[in-house]
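Asker: Here's my sequence, what's the structure:
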Amino acid sequence: MLTALFQTISLASFSQNQVQPNPISINIGISDLWDFMDYNNVYGVYNFNANYRITPYVAAGVEAGYGGLKLYDYFNNTTSIGGHAIFYSLDGYFYFTPLYSENPHPRLDLYLKGKLGGISFILTDEEMGDPQDADKFEFDYGIYAGCKIRIFKSFGAFAEIGYGKATFTQFGLYIGLGK
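Answerer: Okay, the predicted model is just below:
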């Protein structure tokens, strides 16, 4: 009887593993900053994201990013690096792919992403305004549609587009860890 119980638990675990994709995903990408707070970003924002797939449909994660800010001086027609932007957020994902595919590692994985976090600005150029406003914090939020394209079972590329307070697009590489 004890053997039958262990076999039942084993089969249940095995079948669950067949449906559940890589539980941990690491994304490394670049996104835009556009014209947030009248500053233009020179290099884009470099992002690192780690998330955990709670169910085949839902994942949660954290994200951190960095971007250098460019100041454009209209009077002298020059540009200079004027500070740093540090991004951080909590992210939530809803995956559509399990609705139409039982493959735990589909070639194309579609999802919606919501994020809530903040941006810390560290302004270094004296011409960027009042010294009392040298360091700023702004809330960051957004909703994005995204897709992952698997090149191998646990490696591929991703792209997101949507509406956020500071970012609109993101793309890069991802690595799936686990099963």
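Asker: Show me where this structure has its helices.
Answerer: 2-19, 97-100 (DSSP state H).
Asker: worst average pLDDT in the ones you listed?
Answerer: When those are ranked by mean pLDDT, helix 2-19 comes last with a mean of 41.
Asker: Do I have it right that Gly117 meets Gly92?
Answerer: No: with contact defined as Cβ atoms under 8 Å, Gly117 does not count as touching Gly92 (11.6 Å). C-beta here means a position set from N, CA and C on the backbone, and glycine is covered the same way.
Asker: With neighbour numbers in mind, choose between those two.
Answerer: The residue with more neighbours, out of Gly117 and Gly92, is Gly117; 20 against 16, by other Cβ atoms under 10 Å.
Asker: Beta-bridge partners for the closest residue to that one other than its chain neighbours, please?
Answerer: Nearest in space to Gly117, with sequence neighbours left out and distances taken as Cβ to Cβ, 6 or more residues apart in numbering, is Ser89 at 2.6 Å. Counting by DSSP bridges, Ser89 is bridged to Glu63, Gly117.
Asker: pLDDT on stretch 28-48, on average?
Answerer: Taken as a whole, stretch 28-48 carries a mean pLDDT of 66.
Asker: What are the boundaries of the strands in the chain?
Answerer: Assigned by DSSP state E, the chain shows strands spanning 24-31, 40-41, 45-53, 58-73, 78-95, 108-123, 135-152, 155-164, 169-177.
Asker: Least confident of those, on average?
Answerer: What stands lowest among the strands of the chain, in mean pLDDT terms, is strand 40-41, with a mean of 50.
Asker: neighbours of the closest residue to Lys136 other than its chain neighbours, just the number please.
Answerer: Using Cβ to Cβ, 6+ apart and skipping residues adjacent in sequence, the residue nearest Lys136 is Phe121, 4.3 Å away. Neighbours of Phe121 under the rule other Cβ under 10 Å: 21.
Asker: Distance to Glu102 added to the strands of the chain, as CSV?
Answerer: Formatted as CSV, the strands of the chain follow (distance: least, Cβ to Cβ, whole Å):
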stretch, distance to Glu102
strand 24-31, 19
strand 40-41, 41
strand 45-53, 15
strand 58-73, 17
strand 78-95, 13
strand 108-123, 13
strand 135-152, 16
strand 155-164, 19
strand 169-177, 17
